[in-house]
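Peer 1: based on what follows, work out the 3D shape:
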Amino acid sequence: MALAFRNVTSAPLQNFDAVAPDGTVVGIIGENGAGKSHLLRTAAGLEATSAGSIKASGDIKFLGPNDPLNLAPAPVLLIDRTFGAQDLLVRERAAVALDRIRRAGATTLLVTHEEDLIRRLADEVWWIDKGRLAGRGDPDEVLAAYRKHVAAKLRAWGETITPPLAPKVRRGDGRAEIIRVETIGESGKPTMVWRSGERAVVKVTVRFRDAVSDPVVGIMIRTRIGLNVYGTNTELEQLKLGPCLPGATLEIAFAFWCELCPQEYTLTVASHDPDGVWHDWLEDAVAFSVSDTRYTAGVSNLRAQVSLLARS
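Peer 2: Numbers count the residues shown, from 1 in each chain. The predicted model follows:
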């Protein structure tokens, strides 16, 4: 009951060559437009090929995104994002049915963006990128490679976006104004996405409207739910900035290793006197994200090294 693609070309697929063996569930991953759904539709005869061939040892059943999740036995089952619209009970029943179909020797191709579903159901994974097979094999290994690919693209995309200075609350006596807050990556370019572990810089530019004898500039990183993650200021770091005359502009860089777990964060920035009187306080001034090649829980990425000390 295998399903074989032999040098299939049907845009966006390009010389696609792979075989799904009997009795397996193949998870298919990739970005939108890579050709995942088109692969299944081509196998089902819903899309024409301009080159190559597709051979299946038995009838083919195709389920699209809006179809009922009806997993009646079939030699070849093609599931295109059908799990996504179902409630938990339907999904659990379908998972049991899919295991029964697999043990009966059927071949299943499963397209989904849900990594947990892939890990639970798939025997192997095909990663499709720009119509070609970019990787295949063990689910953990292929998912890790795909996640690394996505993290790199996300990091590159972050350098094309300038996060707006849009504080939730702005307050202070106006003696100074924070005119720019930048999040800089290790490439030296502004970015709204840091990679976990990279050298990061927060650059703050302050312009003084009045004379300030001893200004302090500080930052605070918070999670999206408001948990304080890390904060410091120039006084704590023993960097004296004053006195500053009217019209003076200071550019301060806070550099650190971004040992944060992947999620969204905000950055609060302030200029104030040593006694805490604010010149300009920008609550959640800019938002940024942290990406990584693998899942980590929590906020701080401590990068633990794990070893087995004994077994009995």
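Peer 1: next helix or strand past the strand or helix carrying residue 152?
Peer 2: Per DSSP states H and E, residue 152 falls inside helix 139-158. Using DSSP H and E, the next helix or strand after helix 139-158 towards the C-terminus is strand 169-171.
Peer 1: C-terminal to that following strand, what's the next element?
Peer 2: strand 176-184.
Peer 1: residue 231 contacts residue 202, doesn't it?
Peer 2: No - between residue 231 and residue 202 there is no contact under C-beta atoms under 8 Å: 11.1 Å. All C-beta atoms are positioned from the backbone trio N, CA, C, and that covers glycine.
Peer 1: so which of those two has more stuff around it?
Peer 2: Ranked by neighbour count (other C-beta atoms under 10 Å), residue 231 and residue 202 place residue 202 first, with 20 against 13.
Peer 1: quick one: classify the more buried one as helix, strand or coil.
Peer 2: Recorded secondary structure, residue 202: strand (DSSP: H, G, I helix; E, B strand; the rest coil).
Peer 1: quick one: low-confidence parts of the stretch 1-150 of the chain?
Peer 2: For the stretch 1-150 of the chain, residues meeting the criterion pLDDT under 70 lie at 1.
Peer 1: what is the longest strand of the protein by residue count?
Peer 2: As assigned by DSSP state E, the longest strand anywhere in the chain is strand 278-291.
Peer 1: and that strand, which strands flank it?
Peer 2: Using DSSP bridges, strand 278-291 pairs in its sheet with strand 169-171 (antiparallel), strand 193-195 (parallel), strand 263-272 (antiparallel).
Peer 1: what about these, which gets the closest to residue 250?
Peer 2: For the strands paired with strand 278-291, the distance to residue 250 is smallest for strand 263-272, at 8.8 Å, taking C-beta to C-beta.
Peer 1: okay, buried residues for stretch 29-48 please.
Peer 2: 29-31, 34-44 (16 or more other C-beta atoms under 10 Å).
Peer 1: now the two most distant members of the residues you listed.
Peer 2: 31 and 44 (21.7 Å).
Peer 1: before we move on, back to that, identify whichever of the strands paired with strand 278-291 lies nearest to residue 307.
Peer 2: Using C-beta to C-beta, the nearest of those to residue 307 is strand 193-195, at 25.8 Å.
Peer 1: what mean pLDDT does the closest one get?
Peer 2: Mean pLDDT, strand 193-195: 94.
Peer 1: shared neighbours of residue 231 and residue 202, anything?
Peer 2: residue 219 (C-beta atoms under 8 Å, 6 or more residues apart in numbering).
Peer 1: what's the burial count for the closest residue in space to residue 248 that isn't next to it in sequence?
Peer 2: Once flanking residues are discounted, residue 248 sits nearest to residue 208: 4.8 Å by C-beta to C-beta, 6 or more residues apart in numbering. By the criterion of other C-beta under 10 Å, residue 208 has 22 neighbours.
Peer 1: which residues does residue 208 contact?
Peer 2: By C-beta under 8 Å, 6+ apart, residue 208 lies in contact with 175, 176, 215, 244, 245, 246, 247, 248, 249, 250, 279.
Peer 1: circling back to that earlier point, let me know the closest of the buried residues of stretch 29-48 to residue 94.
Peer 2: residue 40 (16.7 Å).
Peer 1: would you say the closest one is within a helix?
Peer 2: Yes - counting by three-state DSSP, residue 40 is located in a helix.
Peer 1: quick one: it from residue 108, how far?
Peer 2: Distance of residue 40 to residue 108, given as C-beta to C-beta, to the nearest Å: 11 Å.
Peer 1: could you pull up the residues touching the residue nearest to residue 21 when sequence neighbours are not counted?
Peer 2: Distance criterion C-beta to C-beta, 6+ apart; nearest residue to residue 21, sequence neighbours excluded, is residue 2 at 5.5 Å. Residue 2 sits next to 19, 20, 21, 22, 56, 57, 107 when contact means C-beta under 8 Å, 6+ apart.
Peer 1: ok, back up a step: same list (the strands paired with strand 278-291) but as TSV, adding mean neighbour count and distance to residue 145.
Peer 2: Shown next, in TSV, are these (neighbours: other C-beta atoms under 10 Å; distance: least, C-beta to C-beta, whole Å):
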stretch	mean neighbour count	distance to residue 145
strand 169-171	12	43
strand 193-195	23	16
strand 263-272	22	22
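Peer 1: so which of the ones you listed is nearest residue 15?
Peer 2: That would be strand 193-195 among those, by C-beta to C-beta, at 33.1 Å.
Peer 1: let me know the distance separating residue 45 from residue 100.
Peer 2: Counting by C-beta to C-beta, the separation of residue 45 from residue 100 is 26 Å.
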